[in-house]
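In: Predicted structure and sequence below. I'll ask about it afterward.
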Amino acid sequence: MSALDWWFCGGADFAVGGKQDLWLTNLADAPAALFEQWEGDKPLWVFSSGRPAPWLATPNIHFLRGDFDADLLRSRLLAWHWQQHALCPCLFGAAAFDVVNGAMSLYRPSKQAPVRVFPLEVSVKPVEAVGGDVVLRADLPERTLLILGDASGHGQGSALDAALLALGASRVLLGQPLSLSALRELNAFMHRHVADGRYVGSALLEIDWRVREVRLVNAGMPDVLLFLSTRLEQRFSSMCSPLGLRADIELRRPLALPWAEGQHFLAHSDGMEESDLPYLLSRLLRWSSVSPAGALGYGPLPSIPLGFSSPYNDDMSSLAFAVPSPASPA
């Protein structure tokens, strides 16, 4: 398509940030288009056909790598209309899933999935009504997937990237467990779909209920912490670049950690200080020790309010869970 100049009408007037319009163009038409969209603070997607972007992207102006691609456009439009409250995506087939991302949060139970019982604490506090921090949980056959993502920047543009991470995880990890090949596929999806220079740091943790282990990948996030009761047992630093930043990031095989009673995993975005985490750990320990197993079944992620003061003007989020004890039903 040599002359690309499309316009899309946004969702409902009550959408977060107000109803938006979206304009697509090719790089040949970019200068005038960019000026108009910049002035109007509207999102603009520019297919750059492999040529260098004329200047750096902004939160609303995204330079997309390569030529026009219908599949790429379809996924980005799905994410954008979700952000505009015009639709809700059907993620992970018929599995139960939950997404926490401010006003874009979704929850869908499933009668087909078994109830997975384990203590879990989640907090997401975007700077604006929506942001780039997202927590995702999906109960899949024999495994539970937990993802904490932190897209570059904050606000509407970052929320779009967070939505793309949820779509990519649904596409890639629905039919296969967390593995090196799955990570390559997910990074390829993100690199193709996020704009040039944008990325999503991700902590991916997968509970395998059959072999009783936790698989873990840290892609550009602060250390994921493993506590044994209240003692810090191990740190898992970043294993590769954030997802989508480059096509050739050095991915490593996910770590496979056997279950041990008393294990508690904590992950957080860089908007939080590590010194804030003991509060979350104390809540998680209380869940582990006093809550009856039957009270920990699947439901909306138990997001808790954050009263911390971050030194950054950044979204703040955390994910903490305890592995089930041998006596807990799965």
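Out: It's in.
In: Report the residue ranges of every domain in the protein.
Out: Domain ranges of the chain: 5-68, 96-322, per automatic domain parsing.
In: what would the ones you listed look like in TSV with mean pLDDT and mean neighbour count?
Out: For the C-beta atoms, the positions are set from N, CA and C on the backbone; glycine is no exception. Shown next, in TSV, are the domains of the chain (pLDDT from 0 to 100; neighbours: other C-beta atoms under 10 Å):
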stretch	mean pLDDT	mean neighbour count
domain 5-68	64	16
domain 96-322	83	20
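In: Just tell me which of the ones you listed ends up closest to His85.
Out: domain 5-68 (4.3 Å; C-beta to C-beta).
In: Can you tell me which helices and strands the strand or helix carrying Val217 packs against?
Out: Counting by DSSP states H and E, the element that carries Val217 is strand 213-219. Applying 3 or more C-beta pairs under 8 Å, 6 or more residues apart in numbering; DSSP states H and E, one finds that strand 213-219 contacts helix 180-193, strand 200-208, strand 255-258, strand 263-268.
In: Would you mind putting these into TSV with distance to Ala219 alongside?
Out: Below are those laid out as TSV (distance: least, C-beta to C-beta, whole Å):
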stretch	distance to Ala219
helix 180-193	8
strand 200-208	5
strand 255-258	12
strand 263-268	11
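In: quick revisit: quick one, which of the domains of the chain is nearest to Cys90?
Out: domain 96-322 (8.4 Å).
In: measure the closest one end to end?
Out: End-to-end distance of domain 96-322 (C-alpha to C-alpha, to the nearest Å): 20 Å.
In: do stretch 238-253 as well
Out: Using C-alpha to C-alpha, one end of stretch 238-253 lies 13 Å from the other.
In: still on that earlier bit, from the middle of its chain, how far away would the strand holding Val217 be?
Out: Offset of strand 213-219 from its chain centre (C-alpha atoms, centre = their mean, to the nearest Å): 15 Å.
In: Stretch 170-190 too?
Out: For stretch 170-190, the distance to the chain centre is 14 Å (C-alpha atoms, centre = their mean).
In: cool, and stretch 134-143?
Out: 12 Å.
In: go on, stretch 247-259?
Out: Using C-alpha atoms, centre = their mean, the offset of stretch 247-259 from its chain centre is 17 Å.
In: for stretch 120-133, same thing?
Out: 10 Å.
In: on that earlier part again, only alpha carbons, please: show the next helix or strand after the strand holding Val217 as PDB.
Out: On the C-terminal side of strand 213-219, the closest following helix or strand by DSSP H and E is strand 224-228. The C-alpha coordinates for strand 224-228 follow below in PDB (Å, rounded to 0.1, in the frame of the first residue of the first chain):
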ATOM      1  CA  VAL A 224      12.800 -10.900  41.700                       C
ATOM      2  CA  LEU A 225      13.200 -12.000  45.300                       C
ATOM      3  CA  LEU A 226      12.700 -15.400  46.800                       C
ATOM      4  CA  PHE A 227      12.000 -15.500  50.600                       C
ATOM      5  CA  LEU A 228      12.000 -18.500  52.800                       C
END
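In: Strand 224-228 pairs with which strands?
Out: In the sheet, strand 224-228 lines up against strand 231-236 (antiparallel), strand 263-268 (antiparallel) (DSSP bridges).
In: helices or strands up against the helix ranked longest in the chain?
Out: Identified as the longest helix of the chain according to DSSP state H is helix 156-173. Counting by 3+ C-beta pairs under 8 Å, 6+ apart, the packing neighbours recorded for helix 156-173 are helix 70-83, strand 133-140, strand 143-151, helix 180-193, strand 200-208.
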